[in-house]
Structures are given as C-alpha cells and as structure tokens.
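> with the sequence up front, the predicted model follows.
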Amino acid sequence: MWAYVGRRLLLAIPTLLGASIIVFAMVHLAPGDPIAAVMPAESSQAEIEATKRAYGFDKPLPVQYLVWLGRVAQGDLGKSIATRRAVVLDVRDALANSLVLALSSSLLAFALGIGLGLLAAFRQGRLLDKAASAVAVVGVSVPHYWAGIILIIVFSVQLNWLPAMGAADDPGVLPYLRHIALPTLALALIPLGVITRVVRSAALDVLNQEFVLALRAKGLASRRVFTHVVKNAAPQILTVLGLQFGFQLGGSVLVEAVFSWPGTGYLLNLAIFQRDIPVLQGVILVLATFFVLLNLAVDLLQTLVDPRIARH
C-alpha cells in the first residue's frame with residue numbers, strides 16, 4: 001500500500017513539471033506582444049523596453065522559465081500586466097468562487113447521476129431505465145453556455161425569480177444561493193449525463209458477473225446484492241467522479257462568462273482578452289496543479305476501496 005502511494009507521489013512530480021512547461025510555452029508561443037497590447041499608445045520605446053525588463057520578457061525563454069518556476073515554487077505568480085496587482089491575490093479570490101460553484105454543481109450532478117445510474121441498471125429495459133438514459137443523453141448533448149442562456153431567459157427575464165449574473169453583494173446565505181442557483185444548474189448538466197451513463201454501465205457489468213448470479217441463487221436479499229454491486233463498481237465510478245470534478249473547476253469558462261461569475265474561468269477569459277500573460281500563467285498552472293493532485297487523491301482513494309489496485 002505505502003509503496004504504491006510513494007510511486008504515485010513520485011509520478012506526480014514530473015507530471016507537474018511537464019504541466020508547468022506546457023503552460024509556460026503555450027502562453028509565450030501565442031502570437032502578439034503582450035506588453036504592447038496593454039501599454040498606452042503614446043508609450044515610448046524606452047518605456048516598453050523598461051516594462052519588458054521589469055517582467056523579465058527581455059531574457060531568453062529557457063531563462064524566463066527557470067526564473068518563473070523558481071518564483072512559483074516560492075508562491076509568487078508575479079504581477080498582472082493590466083492591473084499591477086499580485087496574481088496570487090486575483091487567483092485566490094477567483095479560485096474560492098470557482099470551488100464553491102464546482103462543489104455545488106458536482107454535488108448536484110453526483111447525487112442525481114449516481115442515483116439515476118443505479119436505478120437504471122437495476123431496472124434494465126424498463127421505463128425508469130429508458131427515462132434515465134434519456135436524461136443522460138440530453139445532459140451530454142446540451143452545451144453549458146446554451147443551457148445558461150436558456151436558464152437566464154426563463155428564470156431571470158420572463159419569471160424574474162433569480163438574478164441573471166454576478167455574485168451576491170449583500171451578506172447572507174439566501175442572496176448567495178439565489179445568485180449561484182442558475183450557474184450551478186447549467187454547470188451540472190454535462191457531468192450529470194456522463195455520470196449516469198458510466199454508473200449504469202459499471203453496475204450492469206457487475207450485475208452480469210457470475211458471483212452476482214450465485215448470490216441471487218443462494219437467496220441473498222436484494223439489499224445485500226445491491227451493496228456488493230456498488231462496492232465492486234466503486235473504483236470505476238470514483239475515477240469518473242474525480243475527473244468530472246476537475247472538469248467542473250477548469251471547464252467552467254463559458255458558464256462563468258455567461259453569468260459573470262467571478263471565478264477562475266471569468267478571470268481567465270478576461271486575461272485572454274487583455275493578453276495578461278502572468279494572470280494566464282497563474283490561473284492555468286493553478287488549475288493544472290489542482291487537476292493533477294485531484295487525480296492523485298482519486299487513485300489513493302481507489303486503493304482504499306479496492307486494495308487489489310495497489311498490487312498492480
């Protein structure tokens with residue numbers, strides 16, 4: 001067990017380094033000059049060169065990467081070119097809002113997806129199975145941003161029940177819940193469909209195995225059979241849940257843009273339009289690191305559910 005944990009931790013280090021290289025190269029190889037994009041039009045060449053030196057853009061790319069990586073290791077993500085504010089402060093505030101949105105949408109999608117998937121598997125071929133499959137197909141097929149626009153039109157414009165954008169300025173739980181309700185629904189649709197289909201497939205695979213038939217032949221209660229099926233299908237389901245939560249956090253750019261939710265997706269979208277390289281690097285690197293650590297946590301959790309995994 002501990003040997004497996006050690007191997008996974010060692011593998012996470014080169015993965016994080018590779019992610020940092022990709023993030024750095026991807027942003028710097030993009031066309032255009034980020035300094036010229038944010039400097040005033042009347043800026044002199046001397047002012048532009050001084051700004052480049054201040055941000056280290058006058059050095060070769062390998063040197064820039066090593067300097068940047070050393071600062072990142074110390075928790076310094078640099079300063080925004082557009083606002084001159086520390087990137088780590090912007091990312092911290094945005095990440096907190098994105099985590100709340102990701103957690104709320106994930107809890108909704110996970111609860112409904114696991115429930116519908118298990119019900120569909122144990123009622124294979126019946127009306128409930130067909131209804132759950134239809135919900136899964138609709139959830140996977142509907143884009144986040146389109147669902148968000150429809151929700152705004154129905155619940156904000158026509159019914160005037162919920163606010164259309166932004167986070168609550170007033171303190172209190174109820175105003176915050178009213179603002180987060182629509183983006184939560186929009187963001188939960190796709191993982192709901194994915195999880196429903198995966199859980200149904202995983203449960204059916206276990207149900208068709210011989211040991212389940214033997215348990216039923218011996219007269220074991222349906223509740224006990226259900227427990228055995230869930231336990232054996234859990235490792236595959238946990239993998240999908242971990243990936244979907246990572247996608248919820250990193251793939252909410254369009255949803256946060258539609259609802260003007262002040263999270264990492266909204267910050268990333270703003271940084272792209274402003275060509276703010278430090279902010280782009282900081283947001284993408286934090287999200288990539290979170291995704292790698294989340295996958296590591298899921299792998300370790302799988303070994304607790306099924307110790308046989310640690311032997312491979």
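Noted; the coordinates are in hand.

> which residues touch Asp90?
Contacts for Asp90 (C-beta atoms under 8 Å, 6 or more residues apart in numbering) come out as 80, 83, 267, 279, 282. C-betas here are computed from N, CA, C, even on glycine.

> I'd like the residues you listed as JSON lines, with neighbour count appended.
Below are these laid out as JSON lines (neighbours: other C-beta atoms under 10 Å):
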{"residue": "Ser80", "neighbour count": "21"}
{"residue": "Thr83", "neighbour count": "14"}
{"residue": "Leu267", "neighbour count": "26"}
{"residue": "Val279", "neighbour count": "28"}
{"residue": "Gly282", "neighbour count": "28"}
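
> from these, which one has the minimum pLDDT?
Among these, Thr83 carries the weakest pLDDT, at 77.

> so which strand or helix has that one?
Using DSSP states H and E, Thr83 maps to neither a helix nor a strand.

> helices of the stretch 51-200 of the chain, start to end?
61-73, 87-122, 127-141, 144-151, 173-207 (DSSP state H, counting those that start in this stretch).

> now those in TSV, with distance to Leu220?
TSV is the format used below for those (distance: least, C-beta to C-beta, whole Å):
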stretch	distance to Leu220
helix 61-73	55
helix 87-122	14
helix 127-141	23
helix 144-151	42
helix 173-207	13
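
> how about those, which one is nearest Ser222?
Closest approach to Ser222 among these (C-beta to C-beta): helix 87-122, 8.5 Å.

> just give me how far that closest one sits from the chain centre.
Taking the mean of its C-alpha atoms, helix 87-122 sits 8 Å from the chain's own mean (C-alpha atoms, centre = their mean, to the nearest Å).

> and the strand or helix carrying Pro14, what does it pack onto?
In the assignment (DSSP H and E), Pro14 maps to helix 2-28. Packed against helix 2-28 by the contact rule (3 or more C-beta pairs under 8 Å, 6 or more residues apart in numbering; DSSP states H and E) you find helix 61-73, helix 277-305.

> picking up where we left off before, which of the contacts of Asp90 lies closest to Ala96?
Using C-beta to C-beta, the contacts of Asp90 come closest to Ala96 at Leu267, 11.5 Å.

> just the CA coordinates of stretch 253-262, formatted as CSV?
Coordinates of each C-alpha in stretch 253-262 appear next as CSV, following Å, rounded to 0.1, in the frame of the first residue of the first chain:
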residue,chain,number,x,y,z
VAL,A,253,-15.0,29.3,-18.5
LEU,A,254,-18.1,29.8,-20.7
VAL,A,255,-20.6,29.3,-17.8
GLU,A,256,-18.8,31.9,-15.7
ALA,A,257,-18.6,34.2,-18.6
VAL,A,258,-22.4,33.9,-19.3
PHE,A,259,-23.3,34.5,-15.7
SER,A,260,-20.4,36.9,-14.9
TRP,A,261,-19.5,34.7,-12.0
PRO,A,262,-16.2,36.0,-10.6
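
> can you redo the helices and strands packed on helix 2-28 as JSON lines with distance to Ala136?
As requested, the helices and strands packed on helix 2-28 are exported to JSON lines (distance: least, C-beta to C-beta, whole Å):
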{"stretch": "helix 61-73", "distance to Ala136": "40"}
{"stretch": "helix 277-305", "distance to Ala136": "22"}
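
> and these, which is most packed in?
Counting by mean count of other C-beta atoms under 10 Å, helix 277-305 has the highest mean neighbour count of those, with a mean of 20.

> quick one: distance of that helix to the chain centre.
Counting by C-alpha atoms, centre = their mean, helix 277-305 comes out at 9 Å from the chain centroid.
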